[in-house]
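[1] I'd like to go over a predicted model; first the sequence, then the structure.
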Amino acid sequence: MSGLNQAVLLLNQNYEPLSVCNVKRAVVLIFLGKAEMVEKNSGILHSISTHMPIPSVIRLARHIKVPQKRILLNRKNLMIRDNYTCQYCGKKVQPLTIDHIIPKHFGGNDSWENLVVACQICNHKKGNRTPEQAGMHLIQKPKKPHYFFYLYKIIGIKDSHWKPYLFLKD
């Protein structure tokens, strides 16, 4: 039964990643003609009358309109985006803080482009100044993560067949 609970990547008709379902749900969608198998896993599912490869990636037969997915701006998602790493010194030390690159009193706002993860030492060193004023540099320019990146970071890659569909390099 555990084989039926393996993760399967679900794509829209245009190959856009939608979500992840289990093998059991994927097989039902395939048998109902609502989806097709794009990539198969190793292994075979057997029934009394038929057998089929275990799906790894399936694609819906009809395009479904989905609202644009938003990633909430919060501490957890900032930590995920910055890989739990201080964006000034590159260390993965605890506790980590959230730093405004341009401080609020200089007009800085709460946005993906103005917030980064920082260790306490770097956050205190920077203080209420810009990185330039503090003589510090960011490791990478912060930006809003794309939904595919978030899907990858949260769900992970359960199968190497998924990489091309999540726009990830080998």
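    Sure, I can see it.
[2] please, where are all the helices along this protein?
    23-31, 75-81, 120-126, 131-134, 147-155 (DSSP state H).
[3] pick the most deeply packed of these.
    helix 23-31 (a mean of 18; mean count of other CB atoms under 10 Å). For glycine as for every other residue, the C-beta is placed from the backbone atoms N, C-alpha and C.
[4] and the residue nearest the centre of the protein?
    Tyr150 (1.9 Å; CA atoms, centre = their mean).
[5] could you check how far it is from Ile64?
    20 Å (CB to CB, to the nearest Å).
[6] how about a markdown table for the helices of the chain, with mean pLDDT and distance to Leu4 added?
    Shown next, in a markdown table, are the helices of the chain (pLDDT from 0 to 100; distance: least, CB to CB, whole Å):
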| stretch | mean pLDDT | distance to Leu4 |
| --- | --- | --- |
| helix 23-31 | 95 | 4 |
| helix 75-81 | 92 | 30 |
| helix 120-126 | 96 | 47 |
| helix 131-134 | 96 | 51 |
| helix 147-155 | 70 | 18 |
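[7] between the ones you listed, which one is nearest to Ile101?
    Nearest to Ile101 among the helices of the chain is helix 131-134; the distance by CB to CB comes to 6.3 Å.
[8] confirm for me that Ala35 is in contact with Arg59.
    Yes: with contact defined as CB atoms under 8 Å, Ala35 reaches Arg59; the gap is 6.2 Å.
[9] higher neighbour count, those two?
    Neighbour comparison, Ala35 and Arg59: the larger count goes to Ala35, with 24 against 20 (by other CB atoms under 10 Å).
[10] please parse this protein into its domains.
    2-67+147-166, 75-134 (automatic domain parsing).
[11] least trustworthy helix or strand in this protein by mean pLDDT?
    helix 147-155 (a mean of 70; mean pLDDT, DSSP states H and E).
[12] just checking, Asn114 touches Pro103?
    No: using CB under 8 Å as the test, Asn114 is too far from Pro103 to be in contact (9.5 Å).
[13] related to what we said a few turns ago, ok, the residue nearest to the centre of the chain to Pro17 distance?
    Separation of Tyr150 from Pro17 (CB to CB): 11 Å.
[14] now Lys76
    For Lys76, the distance to Pro17 (CB to CB) stands at 21 Å.
[15] with Arg81 instead?
    According to CB to CB, Arg81 stands 18 Å off from Pro17.
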